[in-house]
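Asks: Got a sequence here, can you model it:
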Amino acid sequence: MSSLSRREFVQIMGLAAAAGMVPGCDSKTGSKPTVATTTPTPDYSDLYNVPKFGNVNLMHFTDCHAQLLPIYFREPSVNLGVGSAFGQPPHLVGDKMLQHFGIKPNSTEAHAFSYLSFAEAAEKYGKVGGFAHLATLVKKLRADLGPDNTLLLDGGDTWQGSGTALWTRGKDMVDATNLLGVDVMTGHWEYTYLDEEVIANVNQFKGDFVAQNVFVRDEAAFDYRFADFAGFDENSQRAFKPYTMKNMGGVRVAVIGQAFPYTPIANPQRFIPDWTFGIRDSEMQAVVDTVREKEKPDAVIVISHNGMDVDLKMASVVSGIDAIFGGHTHDGVPAPSVVKNKGGQTLVTNAGSNGKFLGLMQLDVRNGKVQDFRYRLLPVFSNFLEADKEMTAYIEKVRAPYTDKLREELAVADTLLFRRGNFNGTFDQIICDALRVQLDAQISLSPGFRWGTSVLPGQTIYMDNVMDQTCMTYPETYMREMKGSDIKLILEDVADNLFNDDPYYQQGGDMVRVGGLDYTMDLNAKMGGRIKDMRLDNGEAIEPDKNYKVSGWATVGSQSPGEPVWEVVADYLRDQKVAKITKLNTPKIIGAEGNPGISDYSA
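Replies: Here you go, the predicted structure:
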């Protein structure tokens, strides 16, 4: 994999240079990235004026998690890379991240791409995302660059993540993406509704839903209940179309889909019993080869929900792909990684989450192949973009039946509340504390989901915010007794999913969050030896054969008996009135010395 520090940022766009925004990435140059150092002015009207380049424009957003309204979202201060990923994008945070990409500290882009001085900068620059503001940007780019040679790609995790998405079973987001003009998408949390709901939503979606790596089980294929679904192929037993062809002003572009490979492991198989997933890089190579031979495309694109580390490995072993537009790990990476393989090279990108960014790759396609490219990851600042009236009206309409519930004031945030990071986030600690207090447990466990928005200090915590952190189709809570050895096994299993040297054994996400429990993690140890010195908050060592009262939620194997987690958290916040964190249960880390993926961390 080529180092991004050797790529030069070019094609500075209007006032974006003055604002310190990320310019385009020139595929021909090899010098260190540079950015303008002019002090930003208050006028950001030209921020999104992108010069024309080439003849194919691919817009990409991913992992918006049903956030229709503008939000705050803090980037991680811990995103550790191990093995070959050490010190490589996306595993860079804080100053190290800014230095790698040549980003000026205290600039607009420094706020967009890092956690540094987040609360203060968020007050200055305002919220990000929001479908009404994203729609304005998408329409502008289509008009400026040409509607016939512009595609909008959605990397998935779109139909889940808000109260309205849950209560409409994703249909609010299907209509929102139709209105936005999404041309092609793939999925992950889309598959956490019932299978018949997934099929209905895909049928309602006006674009192409593609996933080459989702198959119908042999035992279900003979009398498949969705045999009439247009995406099903009886011969290959693929449940969805593997790819689609797009004619972009005379340029033929193939877009192949790669759904999240570990869906039935990370999420309940019981919702989608007939489908199998997997990385399936050999099948990906076969699809690429078939498409190249049969369709004669000028460019082959993959829209992926693998996670960036998995995409980087796949790009090294599968040839014939010009670019991978990745998602799942919520990494906002300003420039592509260029990965060498036996077929040449593949560009690998990842476009953040929560509607905060819109990626734009401009390709110069001539003589049947990609000759050159430009790339930029545009932060969607809602203060700098006028809200699209049509999308605004739709959002108001779809939220109207739920507004009273969503806007209930639960408490006030005493500190910055956020989730994203390899270990415990402050909003996760609130959830863990609520589970312990409300369910009378010694220890609490909460999944290391990367979706969930941020709340600034002193702001009201609404039910909206709690739903952003917890709403899903298997939210039931539990309280049960567990042996100390079983608690360790859970932590070891999740740690291996996150820190395995081989990206193909990683499932994305972050460490399970814990309440009432401290431990030490050795990053360089192997499975079974990473978790050490587990102790309760009072300092008492966890004994392997002793039982402990443990609360949690989001069980994958079977449904838990308790009430939905958002009700538990809401009751806790109503009682607290001011959401304070007396202790953040973060582990002590061994082996992270000198790792540029960790900053501002204490345990």
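
Asks: Show the contacting residues for the nearest residue to Asn585 once chain neighbours are set aside.
Replies: The spatially closest residue to Asn585, leaving aside those adjacent along the chain, is Val514, at 5.0 Å (Cβ to Cβ, 6 or more residues apart in numbering). All C-beta atoms are positioned from the backbone trio N, CA, C, and that covers glycine. By Cβ atoms under 8 Å, 6 or more residues apart in numbering, Val514 lies in contact with 424, 432, 443-446, 491, 585.

Asks: Report the beta-bridge partners for Val514.
Replies: Note on Val514: beta-bridge partners by DSSP bridges are Leu445.

Asks: what does the one 4 residues further on give?
Replies: The partner list for Asp518 in beta bridges (DSSP bridges) reads Arg535.

Asks: OK, contacts around the spatially most central residue of the chain?
Replies: With distances taken as Cα atoms, centre = their mean, the residue of the chain nearest its centroid is His330 (3.0 Å). By Cβ under 8 Å, 6+ apart, the contact list for His330 reads 63, 352-354, 420, 450-451.

Asks: Can you tell me the closest non-neighbouring residue to it?
Replies: Excluding the flanking residues, the one nearest His330 by Cβ to Cβ, 6+ apart is Ser353, at 3.9 Å.

Asks: Check whether the one you found really touches Cys64, as I assumed.
Replies: Yes - if you go by Cβ atoms under 8 Å, Ser353 and Cys64 touch, sitting 6.9 Å apart.

Asks: Quick check: neighbours shared by the two?
Replies: Counting by Cβ under 8 Å, 6+ apart, the shared contacts of Ser353 and Cys64 are Asp157.

Asks: between those two, who's got more neighbours?
Replies: A direct count of neighbours by other Cβ atoms under 10 Å for Ser353 and Cys64 places Cys64 higher, at 34 against 30.

Asks: Do a quick rundown of the strands in the stretch 251-400 of the chain.
Replies: Under the criterion DSSP state E, counting those that start in this stretch, the stretch 251-400 of the chain carries strands at the ranges 251-258, 275-276, 299-304, 323-326, 337-341, 344-350, 357-366, 369-379.

Asks: what do you get for the stretch 451-600 of the chain?
Replies: 460-462, 477-483, 513-515, 517-522, 531-536, 547-553, 578-579, 588-590.

Asks: Parallel or antiparallel, list what pairs with the first one.
Replies: In other words, strand 460-462. Sheet pairing here is set by DSSP bridges, and for strand 460-462 it gives strand 409-413 (antiparallel).

Asks: what do you get for the second one?
Replies: The partner list of strand 477-483 in its sheet, established with DSSP bridges, is strand 547-553 (antiparallel).

Asks: I'd like the contacts of Val514 written out as CSV, with neighbour count added.
Replies: Below are the contacts of Val514 laid out as CSV (neighbours: other Cβ atoms under 10 Å):
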residue, neighbour count
Asn424, 26
Cys432, 28
Ile443, 24
Ser444, 28
Leu445, 25
Ser446, 28
Leu491, 20
Asn585, 22
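
Asks: Could you find the lowest-pLDDT member of those residues?
Replies: Within those, Asn424 has the lowest pLDDT, namely 93.

Asks: Contacts only, for it.
Replies: By Cβ under 8 Å, 6+ apart, the contact set of Asn424 is 432, 511, 513-514, 584-586.

Asks: before we move on, what about Gly146?
Replies: Contacts here follow Cβ under 8 Å, 6+ apart; on that basis Gly146 touches 52, 57, 249.

Asks: try 7 Å
Replies: Gly249 (Cβ atoms under 7 Å, 6 or more residues apart in numbering).

Asks: so Ser353 makes contact with Asp63?
Replies: Yes - counting by Cβ atoms under 7 Å, Ser353 does reach Asp63; the two are 3.8 Å apart.

Asks: Domain boundaries for this protein, per the record?
Replies: The chain breaks down by automatic domain parsing into domains covering 1-47, 56-63+147-352, 407-590.

Asks: what phi and what psi does the backbone show at the residue nearest to His330?
Replies: phi -160, psi 170 (degrees, to the nearest 10).

Asks: pLDDT value on it, please?
Replies: Per-residue confidence for Ser353 comes out at a pLDDT of 98.

Asks: what bits of the protein have low per-residue confidence?
Replies: Across the chain, the ranges flagged by pLDDT under 70 are 1-45.

Asks: Arg535: what's it in contact with?
Replies: Arg535 sits next to 518, 541-542 when contact means Cβ under 7 Å, 6+ apart.

Asks: and the residues you listed, which are buried?
Replies: Buried members of the contacts of Arg535, scored by 16 or more other Cβ atoms under 10 Å, are 518, 542.

Asks: which among the contacts of Arg535 gets closest to Asn149?
Replies: Ranked by distance to Asn149 (Cβ to Cβ), the contacts of Arg535 are led by Asp518 at 55.0 Å.

Asks: I figured the closest one hits Asn585, correct?
Replies: Yes - when contacts are counted by Cβ under 7 Å, Asp518 is listed as touching Asn585 (5.9 Å).

Asks: returning to what we had before: looking at the domains of the chain, which is buried most?
Replies: Each of the domains of the chain was scored by mean neighbour count; the highest is domain 56-63+147-352, a mean of 21, by mean count of other Cβ atoms under 10 Å.

Asks: Quote the end-to-end distance of that one.
Replies: 22 Å (Cα to Cα, to the nearest Å).

Asks: now it, how far from the centre of its chain.
Replies: The chain centroid and the centroid of domain 56-63+147-352 are separated by 14 Å under Cα atoms, centre = their mean, to the nearest Å.

Asks: so what's Asp537 up against?
Replies: Contacts for Asp537 (Cβ under 7 Å, 6+ apart) come out as 516, 583.

Asks: Now it: phi and psi?
Replies: Dihedral pair for Asp537: phi -60, psi -30, per degrees, to the nearest 10.

Asks: which residue sits closest to Gly368, ignoring its sequence neighbours?
Replies: Nearest to Gly368 is Asp298, by Cβ to Cβ, 6+ apart, at 5.3 Å.

Asks: and if you look at Met467?
Replies: In space, Met467 is closest to Gly163, 3.9 Å off (Cβ to Cβ, 6+ apart).

Asks: surely that neighbour meets Asp404?
Replies: No - counting by Cβ under 7 Å, Gly163 does not reach Asp404; the two are 11.6 Å apart.

Asks: how far away is Gly326 from Met308?
Replies: Note on Gly326: its distance to Met308, by Cβ to Cβ, to the nearest Å, is 5 Å.

Asks: list residues touching both of the two?
Replies: Common contacts of Gly326 and Met308 (Cβ under 7 Å, 6+ apart): 348, 350.

Asks: sorry, back to before: would you mind measuring from the residue nearest to the centre of the chain to Lys488?
Replies: Computed with Cβ to Cβ, the distance linking His330 and Lys488 is 28 Å.

Asks: repeat for Ile431
Replies: Taking Cβ to Cβ as the criterion, Ile431 is separated from Lys488 by 22 Å.

Asks: what do you get for Gly83?
Replies: Gly83 sits 23 Å away from Lys488, going by Cβ to Cβ.

Asks: now swap in Gly594 and tell me
Replies: 28 Å.

Asks: tell me the contacts of the closest residue to Gly562 other than its chain neighbours?
Replies: Distance criterion Cβ to Cβ, 6+ apart; nearest residue to Gly562, sequence neighbours excluded, is Thr477 at 3.5 Å. Neighbouring residues of Thr477 by Cβ under 7 Å, 6+ apart: 435, 439, 551, 553, 560, 562-563, 565, 568.

Asks: Same list, those, but as a markdown table with distance to Gly368 please.
Replies: As requested, the contacts of Thr477 are exported to a markdown table (distance: Cβ to Cβ, whole Å):
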| residue | distance to Gly368 |
| --- | --- |
| Leu435 | 57 |
| Leu439 | 62 |
| Ser551 | 59 |
| Trp553 | 52 |
| Ser560 | 55 |
| Gly562 | 59 |
| Glu563 | 59 |
| Val565 | 53 |
| Val568 | 58 |
